[in-house]
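*Asks:* Fold the following and give me the result.
(one chain, ligands or ions: 1)
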Amino acid sequence: MSPEIYTMLELQSIWDKVLEAKNEITRSRHAIDFWRNEMKAMEAKMADLRSRVNQLKTNIKQKELELHDVEARIQFLDSRKNSLKSQREFDSMITELETLNQKKDEIENSMLQYMEDVDAIENELSVLQQEMPKRLNQIENDVEELQNKLELLQKEAEDNASQFNKQMTELPPDLRARFAKVIETKGNGIVPLENGICMGCHFQVPVYVKDEVAKSKAVTCTNCGRFLYFKN
Ligand SMILES: [Zn+2]
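*Replies:* Residues are numbered from 1 along each chain as shown. The predicted structure is shown next:
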């Protein structure tokens with residue numbers, strides 16, 4: 001194996017580490033975003049439940065006022081029962097009382113329903129309130145751990161990148177530029193040639209290329225431009 005090929009293989013292995021760290025950085029960032037969104041979603045859910053409870057309590061108060069009015073009217077009609085002068089007045093009062101009592105039932109039923117809803121939501125809220133600190137704490141720990149990992153990965157990626165740049169100077173300038181271009185665009189700048197097939201793009205290279213590779217010359221695949229080497 002020529003020194004140039006050897007250097008390119010070493011560069012490739014450093015570059016792989018850079019890429020691996022970068023992928024891991026992306027995954028860690030996504031994980032951090034995911035947990036932060038979970039946290040926000042939990043807080044939003046609780047805020048929503050609280051606002052629903054408040055709305056229901058406002059509704060209950062409103063119904064209390066309505067109930068009070070209806071009851072006052074019923075009481076008023078009852079008090080006048082004995083001072084009625086005709087059957088017509090009596091009939092009309094009975095009809096109104098029936099309507100009022102029906103309305104009273106409806107109001108009481110709504111209030112009952114609202115109160116049941118409040119109970120259900122408050123139960124849900126109290127379960128969440130017990131769970132929240134535990135889960136938030138866990139999420140914060142996870143995020144912190146991920147952030148520490150991120151810092152290490154970033155350091156690792158930088159170290160490898162500078163190692164890569166340093167080692168690049170070992171290649172002759174013309175090769176350096178070509179290798180840099182192919183490794184940046186394709187990720188793998190040098191791949192094995194196996195049975196005349198480029199392992200980067202699975203293209204059968206012409207025989208003359210195969211011969212050059214056999215002589216350990218720095219040649220590229222005629223299809224994808226990656227440098228080729230014989231795997232021993
Ligand atoms: Zn190829």
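*Asks:* near the ion, which residues of this protein show up?
*Replies:* Cys198, Gly200, Cys201, Phe203, Cys221, Asn223, Cys224 (C-beta under 5 Å from the ion). (Glycine included, C-beta is placed from N, CA and C.)
*Asks:* tell me which element Thr26 falls in.
*Replies:* Thr26 belongs to helix 3-80 when assigned by DSSP states H and E.
*Asks:* Give me the average confidence score over the helix or strand just after that helix.
*Replies:* The helix or strand immediately downstream of helix 3-80 is helix 87-168, counting by DSSP H and E. Here the mean pLDDT over helix 87-168 is 95, rounded to a whole number.
*Asks:* swap in stretch 34-46?
*Replies:* Taken as a whole, stretch 34-46 has an average pLDDT of 93.
*Asks:* swap in stretch 49-62?
*Replies:* 98.
*Asks:* what's that stretch in contact with?
*Replies:* The contact list for stretch 49-62 (C-beta atoms under 8 Å, 6 or more residues apart in numbering) reads Ser110, Met111, Tyr114, Met115, Asp117, Val118, Ile121, Glu122, Glu124, Leu125, Leu128.
*Asks:* and Val191, that one's in a helix?
*Replies:* No: using DSSP: H, G, I helix; E, B strand; the rest coil, the assignment for Val191 is strand, not a helix.
*Asks:* And stretch 166-181, what's buried?
*Replies:* By 16 or more other C-beta atoms under 10 Å, the buried positions in stretch 166-181 come out as Met168, Leu171, Leu175, Arg176, Arg178, Phe179, Ala180.
*Asks:* what helix or strand does the last one sit in?
*Replies:* Element membership of Ala180, judged by DSSP H and E, is helix 173-186.
*Asks:* What helices and strands are in contact with that helix?
*Replies:* Other helices and strands packing on helix 173-186, by 3 or more C-beta pairs under 8 Å, 6 or more residues apart in numbering; DSSP states H and E, are helix 3-80, helix 87-168.
*Asks:* Tell me how far the shortest one lies from the chain's centre.
*Replies:* On the basis of C-alpha atoms, centre = their mean, to the nearest Å, the separation between the geometric centre of helix 3-80 and that of its chain is 11 Å.
*Asks:* Spell out for me the PyMOL command that would select the buried members of the residues of the chain next to the ion.
*Replies:* Command for PyMOL that selects the buried part of the residues of the chain next to the ion, burial taken from 16+ other C-beta under 10 Å:
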select buried, resi 198+200+221+224
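*Asks:* want to try a markdown table for the residues of the chain next to the ion, with pLDDT, distance to Ala161 and secondary structure as columns?
*Replies:* Supplementary listing: the residues of the chain next to the ion in a markdown table, determined by pLDDT from 0 to 100; distance: C-beta to C-beta, whole Å; DSSP: H, G, I helix; E, B strand; the rest coil:
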| residue | pLDDT | distance to Ala161 | secondary structure |
| --- | --- | --- | --- |
| Cys198 | 97 | 27 | strand |
| Gly200 | 96 | 22 | coil |
| Cys201 | 97 | 26 | coil |
| Phe203 | 97 | 30 | coil |
| Cys221 | 97 | 25 | coil |
| Asn223 | 97 | 29 | coil |
| Cys224 | 96 | 24 | coil |
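*Asks:* Now tabulate the residues of the chain next to the ion in JSON lines and tack on distance to Met46.
*Replies:* Formatted as JSON lines, the residues of the chain next to the ion follow (distance: C-beta to C-beta, whole Å):
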{"residue": "Cys198", "distance to Met46": "58"}
{"residue": "Gly200", "distance to Met46": "53"}
{"residue": "Cys201", "distance to Met46": "54"}
{"residue": "Phe203", "distance to Met46": "58"}
{"residue": "Cys221", "distance to Met46": "58"}
{"residue": "Asn223", "distance to Met46": "58"}
{"residue": "Cys224", "distance to Met46": "54"}
